[in-house]
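A.B. asks: Provide a 3D model corresponding to the input given below.
(one chain, ligands or ions: 2)
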Amino acid sequence: DPSDHATYMRLALDQAQESPPKPSNYRVGALIVDGNTGAILNRGYTLELEGNTHAEQCCLSKYASAHAVLEEQVGEMLPANTVLYTTMEPCNLRLSGNLPCVDRIIRTKGEDGKPRIRKVYIGVKEPEKFVGDNQGRKKLEENGIEVVHVTGFEEDILRVATAGHEK
Ligand SMILES: Nc1nc(=O)c(N)c(NC[C@H](O)[C@H](O)[C@H](O)COP(=O)(O)O)[nH]1
Ligand SMILES: [Zn+2]
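C.D. replies: Numbers count the residues shown, from 1 in each chain. Ligands and ions are numbered 1, 2, ... in the order given. Got it, this is the predicted structure:
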C-alpha cells in the first residue's frame, strides 16, 4: 500500500541494520518504491556495494545493474512516479568528496527532464557531526522533489546510524 509510510521506513531501518559499523559515516538504509503500486523496486544499505557507498546510492546502482544500464542512466528505467525512503536525509556533501546522493537523486531524469524520483521520505535529518547543516532537503525541494519526514523512528534510526561511532 503506497501510503503505508511507516512500513516502508521500518524496512529501510532493517536495511540500515545490515550496514558494517564505521566511525566516519552513518549506517543508513533505503528503499525505492513504485509510488503508484507500492511495489518495492530495490533496497540497500551503507557500504553494501564495494567502495565507500551510501544506502541511497546502492539502491540506485543495484536497480541500474538489474536493468543493464549505468547508475547515471537509471532514471530512464525507473517508473515515472518513484519514491525513495531513506532512514537519513540524503547527503549534499560528503567528506570523501564522492558524488552526493542528492545529485544522484536529481539526475534520475526521464524524457520530460524531471526527476523520476518524485518524493523522498526521510526518517531523520542528518546530524551536524560531519558536515554541519545538511542542505540536502532544500536542494531536493529546489528541484521539485517533495521531502517528507516520517516521524516515530528517530531514536532507533540514530542509534543504528551511529553504532560505529566511539562512545
Ligand atoms: N544519507 C546518508 N546515507 C548514507 O549511507 C550515509 N553513510 C550518510 N552519511 C552522511 C555523512 O555526512 C557522510 O558519510 C560523511 O560526510 C563521510 O562521507 P563519506 O560517507 O565517507 O563519503 N548519509
Ligand atoms: Zn549519500
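A.B. asks: quick one, what contacts the residue nearest to N42 when sequence neighbours are not counted?
C.D. replies: Excluding the flanking residues, the one nearest N42 by Cβ to Cβ, 6 or more residues apart in numbering is Y63, at 4.3 Å. C-beta coordinates here come from the backbone N, C-alpha and C atoms, glycine included. Residues in contact with Y63 (Cβ atoms under 8 Å, 6 or more residues apart in numbering) are 32, 41-42, 74, 77-78.
A.B. asks: do V148 as well
C.D. replies: 5, 119-122.
A.B. asks: What residues are bridge-paired with it?
C.D. replies: Beta-bridge partners for V148, by DSSP bridges, are Y121.
A.B. asks: per-residue pLDDT, it?
C.D. replies: Looking at V148, its pLDDT reads 97.
A.B. asks: Counting neighbours, which of the contacts of Y63 end up buried?
C.D. replies: Buried members of the contacts of Y63, scored by 16 or more other Cβ atoms under 10 Å, are 32, 41-42, 74, 77-78.
A.B. asks: Can you list which of those residues are found in strands?
C.D. replies: Cross-referencing those against strands under DSSP state E gives 32, 41-42.
A.B. asks: interface residues of the protein facing ligand 1?
C.D. replies: Contact residues (Cβ under 6 Å from any ligand atom) of the chain with ligand 1: 24-26, 28, 46, 52, 54-56, 86, 88, 90-91, 94-96, 98, 101, 126, 130-131.
A.B. asks: Just the buried residues from these, in ChimeraX please.
C.D. replies: Buried members of these, defined by 16+ other Cβ under 10 Å, are picked up in ChimeraX with:
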select :25,26,28,46,52,54,55,56,86,88,90,91,94,101,126,131
